[in-house]
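A.B. asks: coords please:
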Amino acid sequence: MRKFIFSLVLAILATTIHADNPKYIFLFIGDGMSSPQRNLTESFLRKTKKEDLLINQFPYKASTRTSAANAVITDSAAAGTAIACGEKTNNGRIGMAPDGKTKLESVAYVAQKAGKKVGIITSVTINHATPAAFYAHRPSRGQYYEIGLDLINSNFDYFGGGGVDKPEDKKSAEFKGNIYELAKQAGYTVTSTPEEFAKLNKDSGKVYARGSNGALPYELDKQDGLKLADFVAKGIELLDNPDGFFMMCEGGAIDWMCHGNDATTTIFEVIAFNDAVKVAYEFAQKHPQETLIVVTGDHETGGLTLGFANTAYEAHLDKLLLQTKSSGVFNSMVRQLLKDKEDFTFEDVKPAFTELFGLQFNGPADDIMTVTPAELKTLQDAFDAQYPKEKDKKANRDALKFAGLKVFNAKVGVAWATFGHSALPVITTAYGNSAQLFQGDYENTYISQTIKKLLVK
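C.D. replies: Got it, this is the predicted structure:
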């Protein structure tokens, strides 16, 4: 019955699509981003800047289910494939059916066949699971080199953002040379500096513009350099043509920081993602009848909740600004503090908690950032786990970092349930031509199926 109803919906959809289908289609995917990440970021912006989150203001909204073909909790490969190709697959598959043999056609290839130019952008490595689902066909997401070959063979017009993971994997049975060099041989203009990026224009031909050898630096850490929004703006400049374009942009680092339960860095990654959507939105204001923007997530990561028992109904979100850098730098800060010290104690690492998280060890009792006796024990126990006195005991090299995050998150009123993915539905919002099609409640496969119909002339 459910299949019949879904088929009926698709049949009705085919007859209700806008008479003039969108010329320009933007699909934004926040990796690991569901309603908690959106709402936390918007609450933070309202508290600190009196601003709303643009992606939450789009007029059409839907709850979108994310399960994989073989699991209730999806990974990015299966979710990316569902969004890109419109069919469920097993976790780990890239652009392929559950059997690991049948290739699926992504919406990007449908756009290419329809005569549109195609752009793929991400803040993490370009051959990571979500972007790969739009151009690659591999039974395993871990085939990074082979996925890089598929990138080149796609003949898509524009790739931007992070670099290639394992660009010269000589262990691959398909090894042909360095991916960047192979891309150049295939006619791609490959850039690696902001200066080269600035010179790109419509005469540059096919382009792969990378802002890093790996993922782009976390927004909280970077001072200068290219941002996700820059790659969207350049993509519009390069792809705009009489037949229009399809552009997919992923905020991939949202997921990475949710895996790390790092609320502040997650918020800044969502803001960077939202800034990229703003570029598309500004473009849409100039082409209001021709542009569709769809914003979704591939799954939720971290089991994030805004609220913690100790803070009751309070949320001290402005205190998140006390975190100065992403939590990934914590261990290097500790190493620097312990440099040249043969005998060290927990007292020696306290300054790292203060510098990175604003935790106070001798502050007033009524100051929310003053460490309580119970919190102090949590941090002390983590120190003992990371630097055990027993020589035969295995050290937990991230114990201090995660203990610091746990204490900091609790003080500001944020909680996490897991370091992995959850089965929570994501939120899809849409704006522009045919945006009304993206409302209600549906599976993530609906997104690709609907956009594919919009691409048929």
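A.B. asks: which SS class is Lys401?
C.D. replies: helix (DSSP: H, G, I helix; E, B strand; the rest coil).
A.B. asks: I'd assumed Phe330 was in contact with it.
C.D. replies: Yes - Lys401 lies in contact with Phe330 (CB atoms under 8 Å); the separation is 4.2 Å. C-beta coordinates here come from the backbone N, C-alpha and C atoms, glycine included.
A.B. asks: Just give me the neighbour total for Gly177.
C.D. replies: If you count neighbours by other CB atoms under 10 Å, Gly177 ends up with 11.
A.B. asks: Repeat that for Gly303.
C.D. replies: Residues lying near Gly303 (other CB under 10 Å) number 19.
A.B. asks: Find me the pLDDT at it, would you?
C.D. replies: On the pLDDT scale, Gly303 is placed at 97.
A.B. asks: Spatially, which residue comes closest to it, not counting chain neighbours?
C.D. replies: Leaving aside its sequence neighbours, Gly303 sits nearest to Ala417 (CB to CB, 6 or more residues apart in numbering; 2.7 Å).
A.B. asks: got the buried residues for the longest helix along the chain?
C.D. replies: What stands out as the longest helix in the chain, according to DSSP state H, is helix 263-286. Residues of helix 263-286 classed as buried by neighbour count (16 or more other CB atoms under 10 Å): 263-277, 279-281, 283-284.
A.B. asks: Equivalent analysis for stretch 290-310, please.
C.D. replies: Applying 16+ other CB under 10 Å to stretch 290-310 flags 290-304, 306, 308 as buried.
A.B. asks: what does stretch 43-62 give?
C.D. replies: Applying 16+ other CB under 10 Å to stretch 43-62 flags Ser43, Phe44, Leu45, Lys47, Leu53, Leu54, Ile55, Asn56, Phe58, Tyr60, Lys61, Ala62 as buried.
A.B. asks: I'd like the list of those residues that fall within strands, please.
C.D. replies: Tyr60, Lys61, Ala62 (DSSP state E).
A.B. asks: Would you map the helices across the stretch 301-450 of the chain?
C.D. replies: With DSSP state H, counting those that start in this stretch as the criterion, the stretch 301-450 of the chain has helices at 330-338, 350-357, 373-386, 399-412, 445-455.
A.B. asks: Let me know the angle separating the third one from helix 330-338.
C.D. replies: Think helix 373-386. If you take axes from the mean of the first three to the mean of the last three CA atoms, to 10 degrees, helix 373-386 sits at 80 degrees to helix 330-338.
A.B. asks: from the chain's centre, how far out does helix 373-386 sit?
C.D. replies: Centroid separation for helix 373-386 versus its chain: 32 Å, with CA atoms, centre = their mean, to the nearest Å.
A.B. asks: So what touches it?
C.D. replies: Residues outside helix 373-386 that contact it (CB atoms under 8 Å, 6 or more residues apart in numbering) are 346, 349, 353, 361, 371, 395-400, 402-404, 406-407, 410.
A.B. asks: can you give me the mean pLDDT across stretch 124-139?
C.D. replies: Per-residue scores along stretch 124-139 average to 98.
A.B. asks: ditto for stretch 436-451
C.D. replies: For stretch 436-451, the mean confidence score works out to 98.
A.B. asks: gap between the two ends of that stretch?
C.D. replies: The stretch stretch 436-451 measures 12 Å between its terminal residues, going by CA to CA, to the nearest Å.
A.B. asks: Which residues in it does the neighbour count mark as buried?
C.D. replies: Leu437, Phe438, Tyr442, Glu443, Asn444, Thr445, Tyr446, Ile447, Ser448, Gln449, Thr450, Ile451.
A.B. asks: could those residues go into CSV alongside distance to Gln380?
C.D. replies: Converted to CSV, the buried residues of stretch 436-451 look like this (distance: CB to CB, whole Å):
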residue, distance to Gln380
Leu437, 55
Phe438, 50
Tyr442, 49
Glu443, 47
Asn444, 44
Thr445, 49
Tyr446, 50
Ile447, 48
Ser448, 51
Gln449, 54
Thr450, 54
Ile451, 53
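A.B. asks: What is the nearest of those residues to Lys116?
C.D. replies: Nearest to Lys116 out of the buried residues of stretch 436-451 is Ile451 (CB to CB; 11.3 Å).
A.B. asks: my guess is that closest one meets Asn21, correct?
C.D. replies: No - Ile451 is beyond contact range of Asn21, at 9.9 Å (criterion: CB under 8 Å).
A.B. asks: Show me the shaky parts of the stretch 301-450 of the chain.
C.D. replies: Applying pLDDT under 70 to the stretch 301-450 of the chain picks out residues 307-314.
A.B. asks: go again using 50 as the cut-off
C.D. replies: Applying pLDDT under 50 to the stretch 301-450 of the chain picks out residues 312.
A.B. asks: now swap in the stretch 101-250 of the chain and tell me
C.D. replies: In the stretch 101-250 of the chain (pLDDT under 50), no residue qualifies.
A.B. asks: could you redo the last one with a cut-off of 90?
C.D. replies: Across the stretch 101-250 of the chain, the ranges flagged by pLDDT under 90 are 222-225.
A.B. asks: Which parts of it are strands?
C.D. replies: 117-122, 158-161, 188-191, 206-210, 245-251 (DSSP state E, counting those that start in this stretch).
A.B. asks: Right, I'll leave it there.
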